[in-house]
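Visitor: below is the structure, and that's it, no one-letter string:
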């Protein structure tokens, strides 16, 4: 009897060596859930199977039931996103996206729109200018927070709900523990730190803009990296995650 197979479109986010010639492929399903499957023989010299399951690849795959993990029996590359592997600047700016998906995604837990959002971000990174790449990454990360239920509150007090005015050049109290800005009346009983209001304005802007609009806006690199630092601290506080790829982007000096 033939082994039942299912066809699905996936985004490859991680690869792990298995035995001498095999790979475990971690991927994001179209429904936003995370999955894993074994690609047998993918590490053999001259094997073309692995080229269709590279990092950043959008692929149509056939998956068969295995004794343990499922088995990838066929793969067709739909979009290789080759620029993100071949150009060091774009690789640095896009790797935190895959890292975040691999660590925040959950098996058998669909997250509607996550797959489309990830593909849209990677597509934009493949066509944008170099200096706009960090802004695309920053926009994806803050949108991911919101999609997973950790949306930061930047213009209203997280304690009492009062409006917190944001003017360029000003500094505001912000609580990463509580998850948002804090007004003057509440800061005495809330753990806060001072953040430039401009950074919070950029967080708010990137949350509401599609990726194409982010590219067109040509966000200043200083603002992009301020939001990336914000995202880095938000990941640690609310998800207990330390993204190594984001650490590299923030400290590499590539941009």
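Guide: Nice, I can see it. For clarity, every value in this text was computed on a predicted model and none was experimentally measured. Numbering: from 1, shown residues only.
Visitor: centroid residue for the protein?
Guide: Geometric centre of the chain, nearest residue: residue 97, 2.7 Å, by Cα atoms, centre = their mean.
Visitor: SS state for it?
Guide: Three-state assignment for residue 97 (DSSP: H, G, I helix; E, B strand; the rest coil): helix.
Visitor: leaving out sequence neighbours, find the closest residue to it.
Guide: Leaving out its chain neighbours, the residue that sits closest to residue 97 by Cβ to Cβ, 6 or more residues apart in numbering is residue 140, at 5.3 Å. Using the backbone N, CA and C atoms, a C-beta is placed for each residue, glycine as well.
Visitor: repeat that for residue 43.
Guide: residue 21 (4.8 Å).
Visitor: thought that neighbour was touching residue 39?
Guide: No - using Cβ atoms under 8 Å, residue 21 is not in contact with residue 39, being 9.7 Å away.
Visitor: these two: which has the busier surroundings?
Guide: residue 39 (24 against 14; other Cβ atoms under 10 Å).
Visitor: wait, the more buried one sits on residue 48?
Guide: No - between residue 39 and residue 48 there is no contact, the gap being 11.7 Å when judged by Cβ under 8 Å.
Visitor: next SSE after the longest helix along the chain?
Guide: Assignment by DSSP state H gives helix 221-239 as the longest helix of the chain. Following the chain from helix 221-239 toward its C-terminal end, the next helix or strand by DSSP states H and E is helix 244-251.
Visitor: can you list the buried residues in that following helix?
Guide: Applying a neighbour-count criterion of 16 or more other Cβ atoms under 10 Å, one finds 245-246, 249-250 buried in helix 244-251.
Visitor: tell me the one among the residues you listed nearest to residue 144.
Guide: The shortest separation between residue 144 and any of those is 12.0 Å, and it belongs to residue 246 (by Cβ to Cβ).
Visitor: re earlier: tell me the contacts of the residue nearest to the centre of the chain?
Guide: Residues in contact with residue 97 (Cβ atoms under 8 Å, 6 or more residues apart in numbering) are 118, 121-122, 137, 140-141.
Visitor: now the helices for this protein?
Guide: Assigned by DSSP H, the helices in the chain fall at 83-86, 88-104, 114-125, 133-147, 197-208, 211-217, 221-239, 244-251.
Visitor: mind checking the longest strand of the protein?
Guide: Scanning the chain for the strand with the most residues, using DSSP state E, yields strand 5-18.
Visitor: quick one: low-confidence ranges for the chain?
Guide: By pLDDT under 70, the low-scoring segments of the chain are 1-3.
Visitor: still on that earlier bit, what sits against the residue nearest to residue 43?
Guide: With contacts defined as Cβ under 8 Å, 6+ apart, residue 21 is in contact with 40-44.
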